[in-house]
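A.B. asks: Pasting a predicted model and its sequence here:
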Amino acid sequence: QVQLVESGGGLVQVGGSLTISCAAAGGTFSRLTMGWFRQAPGKEREFVSNISGSGGIRFYEDSVKGRFTIARDNAKNTVYLQMNSLKPEDTAVYYCAGGDRIAAMTAGDFEYWGQGTQVTVSS
């Protein structure tokens with residue numbers, strides 16, 4: 001069983017930057033595809049980004065391409081999401097997810113979930 005704990009959320013102004021982290025415990029972290037999802041009030045949870053176990057393959061949802069960067073440190077069992085040029089529509093609870101499936105991308109592909117961290121972008 002893998003436990004995931006997110007941290008680093010908070011309040012940031014439009015155009016600002018924030019990096020959120022997700023620490024994993026249990027399991028073999030380097031074998032997991034890791035992903036970030038977000039859920040805004042009244043909306044479905046949506047895919048943001050994912051990264052392969054080695055870190056060599058990354059995907060991004062179109063609205064965050066060029067602004068967000070996903071990275072992982074397998075020695076620290078941690079995955080990061082660096083968010084730049086933040087917009088009000090980025091406001092959401094951000095969830096970290098881990099999955100055994102290579103190229104996991106939909107929520108159903110991920111077995112392990114964190115509790116979420118709130119990111120609020122103020123205008």
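C.D. replies: Sure thing, it's come through. Numbering: from 1, shown residues only.
A.B. asks: residue contacts, the nearest residue to residue 6 once chain neighbours are set aside?
C.D. replies: Using CB to CB, 6 or more residues apart in numbering and skipping residues adjacent in sequence, the residue nearest residue 6 is residue 117, 4.0 Å away. (Each C-beta comes from the backbone N, C-alpha and C, glycine too.) Going by CB atoms under 8 Å, 6 or more residues apart in numbering, residue 117 touches 6-9, 20, 93-94.
A.B. asks: Which of these fall within strands?
C.D. replies: Filtering the contacts of residue 117 for membership in strands, criterion DSSP state E, returns 6-7, 20, 93-94.
A.B. asks: Pull out the buried members of the contacts of residue 117.
C.D. replies: Applying a neighbour-count criterion of 16 or more other CB atoms under 10 Å, the buried members of the contacts of residue 117 are 6, 9, 20, 93-94.
A.B. asks: and the residue positioned nearest the centre of the chain, which of the three is it?
C.D. replies: Nearest residue to the geometric centre of the chain (CA atoms, centre = their mean): residue 36, 2.4 Å. Assigned state for residue 36: strand (three-state reduction, DSSP: H, G, I helix; E, B strand; the rest coil).
A.B. asks: Next: residue 104.
C.D. replies: For residue 104, the secondary structure call by three-state DSSP comes out as coil.
A.B. asks: Now do the same contact list for it.
C.D. replies: Counting by CB under 8 Å, 6+ apart, residue 104 touches 33, 35, 50, 97, 110.
A.B. asks: ok, now which ones touch the first one?
C.D. replies: Which is residue 33. Residues in contact with residue 33, defined by CB under 8 Å, 6+ apart, are 50-53, 98-104, 109-110.
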